[in-house]
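A.B. asks: Starting from these lines, generate the structure:
(one chain, ligands or ions: 4)
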Amino acid sequence: MSTVIKNGTVVTADLSYEADVLIENGVITEIGPNLKGNETLDATGCYIMPGGIDPHVHLEMPFMGTYSSDDFESGTRAGLAGGTTMVVDFCLPNQGESLLDAIKRWDNKSTRANCDYSFHMAVTWWGEQVFNDMQTVVQQRGINTFKHFLAYKGALMVNDDELFSSFKRLSELGATAMVHAENGDVVAEMTAKLLAEGNTGPEAHAYSRPSQVEGEATNRAIMIADMAGVPLYVVHVSCEEAHEAIRRARQNGKRVWGEPLIQHLTLDESEYFHPDWDHAARRVMSPPFRNKKHQDSLWAGLMSGSLSVVATDHCAFTTEQKRFGVGDFSQIPNGTGGLEDRMPMLWTHGVGTGRITPNEFVAMTSTNIAKILNCYPKKGAVLVGADADLVVWDPEKSKTISADSQQSAIDYNVFEGHEVKGMPRFTLTRGQVAISDGEVKTQEGHGKFVERAPNATVNRALSQWKELTAPRPVERSGIPATGV
Ligand code: DUC
Ligand code: ZN
Ligand code: ZN
Ligand code: ZN
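C.D. replies: Residues are numbered from 1 along each chain as shown. Ligands and ions are numbered 1, 2, ... in the order given. So this is what the prediction gives:
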């Protein structure tokens with residue numbers, strides 16, 4: 001079976017050029033003029049781009065007394081509808097659970113995926129077992145990224161000695177560290193104070209997590225990563241203080257990457273002051289939406305290259321689940337959806353406004369993260385030999401985002417009413433057409449796990465630092481006598 005995509009413009013992270021793309025057995029086998037295949041897809045007026053990779057999703061995630069409502073089936077269907085052809089979910093061990101047992105639970109859930117996927121491992125507790133399991137996870141399971149929560153005290157949070165131990169181990173294994181950077185101790189105290197003062201509504205969620213808690217934790221994680229000699233990926237960067245710390249680190253030669261979310265780029269804190277409780281609660285996520293100053297900083301970071309990847313943190317809860325927090329904002333399950341909307345929203349607000357080029361769009365939604373996660377060029381590329389995970393992007397196709405027509409399993413959409421221009425005409429997962437002009441043709445279970453070997457990346461700033469300051473005893477004479 002062969003498929004040829006004809007009459008389009010190939011758009012990659014570095015080039016745009018006219019060519020047909022031939023796909024055989026799920027892989028790109030030829031790129032050039034006048035190609036022929038059994039099946040033809042017409043890309044007239046469209047861009048042929050690498051499918052999107054969303055490196056930050058939580059599908060069927062056990063969290064805050066419930067499970068996020070999009071699972072690997074509905075979540076990947078939503079992704080494909082919006083041009084995303086690979087997702088990376090976070091495997092979350094329970095306290096005391098071995099990392100390998102946690103992976104088994106994630107393996108079971110992910111068999112229903114409609115597109116390819118991978119896992120990051122979360123380090124939710126620390127001990128000898130975790131230290132030992134890490135090697136197996138990296139070397140035998142093909143997982144090279146490990147996330148640490150600096151927030152969610154009493155649940156997922158790790159403290160600084162655990163963080164430093166974990167980072168050092170990851171450095172030895174050639175793996176990359178990730179952080180959810182908010183100071184969980186400060187958040188817990190602010191939350192208790194707000195509730196005690198009668199601030200129980202969803203707007204208090206934003207007050208309990210000001211940008212300083214994120215700036216502090218981001219900087220702390222960067223400094224600890226530097227001392228441990230591990231590359232660091234900071235998820236959901238939402239504010240100038242966190243961006244500033246990342247910018248500075250990169251300028252100093254550290255391997256640090258920042259990931260803003262499409263929600264923080266396009267929605268602001270005014271959502272929490274909406275008179276309808278449900279409207280505000282549906283938008284409760286951590287970190288919370290911010291003001292325009294922070295949004296401008298995130299856009300500037302993407303435009304200048306100090307921020308590298310746009311993700312979603314897709315973690316969808318129904319209105320009914322959000323209502324667990326009526327009378328106490330701290331019980332509102334944290335999370336918003338975005339998988340289906342990330343690419344159309346970024347195109348509309350990024351390419352459509354002239355902030356970013358189509359090539360930069362490809363870099364931010366696919367190629368950069370494929371390189372960071374070490375699955376490039378299998379993913380994130382339009383190259384002979386790459387997986388045919390492709391999106392045929394129609395820059396003229398438009399719609400108004402609405403929960404009524406979305407693939408996600410929840411009953412609302414945080415982007416409801418937003419107009420987008422730029423959408424998939426076709427989405428292909430390993431050569432198979434999953435979306436064809438709005439028609440959903442996904443196949444449950446088609447998705448395969450993507451193994452990712454450890455990176456050879458070194459933290460250059462740290463290796464310099466080590467050479468300069470490696471501990472060595474100083475020879476001294478004239479040592480004073482001790483004792484009495
Ligand atoms: N933030 C959320 O809003 N949801 C899931 C986890 C997280 O860190
Ligand atoms: Zn997080
Ligand atoms: Zn997350
Ligand atoms: Zn909009």
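
A.B. asks: tell me the SS of I53?
C.D. replies: When classified by DSSP: H, G, I helix; E, B strand; the rest coil, I53 comes out as strand.

A.B. asks: Now do the contacts for it.
C.D. replies: 84-88, 365-366, 369-370, 373, 379-380 (Cβ atoms under 8 Å, 6 or more residues apart in numbering). Every C-beta, even on glycine, is put in place using the N, C-alpha and C of the backbone.

A.B. asks: In helices, which of these fall?
C.D. replies: Among these, the ones falling in helices (DSSP state H) are 369-370, 373.

A.B. asks: can I get these in CSV with neighbour count and distance to ligand 1?
C.D. replies: Formatted as CSV, the ones in helices among the contacts of I53 follow (neighbours: other Cβ atoms under 10 Å; distance: Cβ to the nearest ligand atom, whole Å):
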residue, neighbour count, distance to ligand 1
I369, 28, 18
A370, 26, 23
L373, 25, 19
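
A.B. asks: Switch these over to a markdown table; also include pLDDT.
C.D. replies: Converted to a markdown table, these look like this (pLDDT from 0 to 100):
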| residue | pLDDT |
| --- | --- |
| I369 | 98 |
| A370 | 98 |
| L373 | 97 |
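
A.B. asks: Just give me the closest of these to G422.
C.D. replies: Taking Cβ to Cβ as the measure, G422 sits nearest to I369 out of these, at 19.7 Å.

A.B. asks: quick one: the strands in the stretch 151-300 of the chain?
C.D. replies: All strands of the stretch 151-300 of the chain, identified by DSSP state E, counting those that start in this stretch, fall at 176-180, 232-234, 256-258.

A.B. asks: oh, I was asking about the stretch 351-484 of the chain
C.D. replies: With DSSP E, counting those that start in this stretch as the criterion, the stretch 351-484 of the chain has strands at 390-400, 419-429, 432-436, 439-440.

A.B. asks: Which stretch among the ones you listed is buried most, on average?
C.D. replies: Across the strands of the stretch 351-484 of the chain, averaging neighbours per residue (mean count of other Cβ atoms under 10 Å) puts strand 419-429 on top, at a mean of 23.

A.B. asks: Grab the CA positions of that strand and hand them over as PDB.
C.D. replies: C-alpha atoms of strand 419-429 as PDB (Å, rounded to 0.1, in the frame of the first residue of the first chain):
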ATOM      1  CA  GLU A 419     -12.200  31.800  15.700                       C
ATOM      2  CA  VAL A 420      -9.300  29.800  14.200                       C
ATOM      3  CA  LYS A 421      -8.000  30.000  10.700                       C
ATOM      4  CA  GLY A 422      -5.500  27.200   9.800                       C
ATOM      5  CA  MET A 423      -6.500  23.600  10.300                       C
ATOM      6  CA  PRO A 424      -5.700  20.100   9.100                       C
ATOM      7  CA  ARG A 425      -7.100  18.900   5.800                       C
ATOM      8  CA  PHE A 426      -5.600  15.500   6.400                       C
ATOM      9  CA  THR A 427      -3.800  14.100   9.400                       C
ATOM     10  CA  LEU A 428      -1.800  10.900   8.900                       C
ATOM     11  CA  THR A 429      -0.500   8.600  11.600                       C
END
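
A.B. asks: what separates it from the chain centre, distance-wise?
C.D. replies: Relative to its chain's centre, strand 419-429 lies at 20 Å (Cα atoms, centre = their mean, to the nearest Å).

A.B. asks: pLDDT of it, averaged?
C.D. replies: Per-residue pLDDT values over strand 419-429 give a mean of 98.

A.B. asks: One more: stretch 40-51?
C.D. replies: Here stretch 40-51 scores 98 as its mean pLDDT.

A.B. asks: how about it: buried residues?
C.D. replies: By neighbour count on 16 or more other Cβ atoms under 10 Å, the buried set for stretch 40-51 is 41, 43, 46-51.

A.B. asks: hmm, which helix or strand of the chain has the shakiest average pLDDT?
C.D. replies: Across the helices and strands of the chain, the lowest-confidence element by mean pLDDT, DSSP states H and E is helix 460-469, at a mean of 68.

A.B. asks: Of all the strands of the stretch 351-484 of the chain, which one is nearest ligand 1?
C.D. replies: strand 419-429 (22.8 Å; Cβ to the nearest ligand atom).

A.B. asks: Just checking: what are the partner strands of the closest one?
C.D. replies: Here strand 419-429 has these sheet partners by DSSP bridges: strand 390-400 (antiparallel), strand 432-436 (antiparallel).

A.B. asks: Switch these over to TSV; also include distance to F167 and mean pLDDT.
C.D. replies: Output for the strands paired with strand 419-429, formatted as TSV (distance: least, Cβ to Cβ, whole Å; pLDDT from 0 to 100):
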stretch	distance to F167	mean pLDDT
strand 390-400	36	98
strand 432-436	38	98
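
A.B. asks: In JSON lines, list those strands along with distance to ligand 1.
C.D. replies: Below are the strands paired with strand 419-429 laid out as JSON lines (distance: least, Cβ to the nearest ligand atom, whole Å):
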{"stretch": "strand 390-400", "distance to ligand 1": "25"}
{"stretch": "strand 432-436", "distance to ligand 1": "26"}
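
A.B. asks: can you tell which of those strands is closest to E216?
C.D. replies: Nearest to E216 among those is strand 390-400 (38.3 Å), distances taken as Cβ to Cβ.

A.B. asks: what residues are up against the residue positioned nearest the centre of the chain?
C.D. replies: The chain has H56 as the residue nearest its centroid, 2.7 Å off, counting by Cα atoms, centre = their mean. If you count contacts by Cβ under 8 Å, 6+ apart, H56 has them with 88, 90, 235-236, 259, 261, 311-314.
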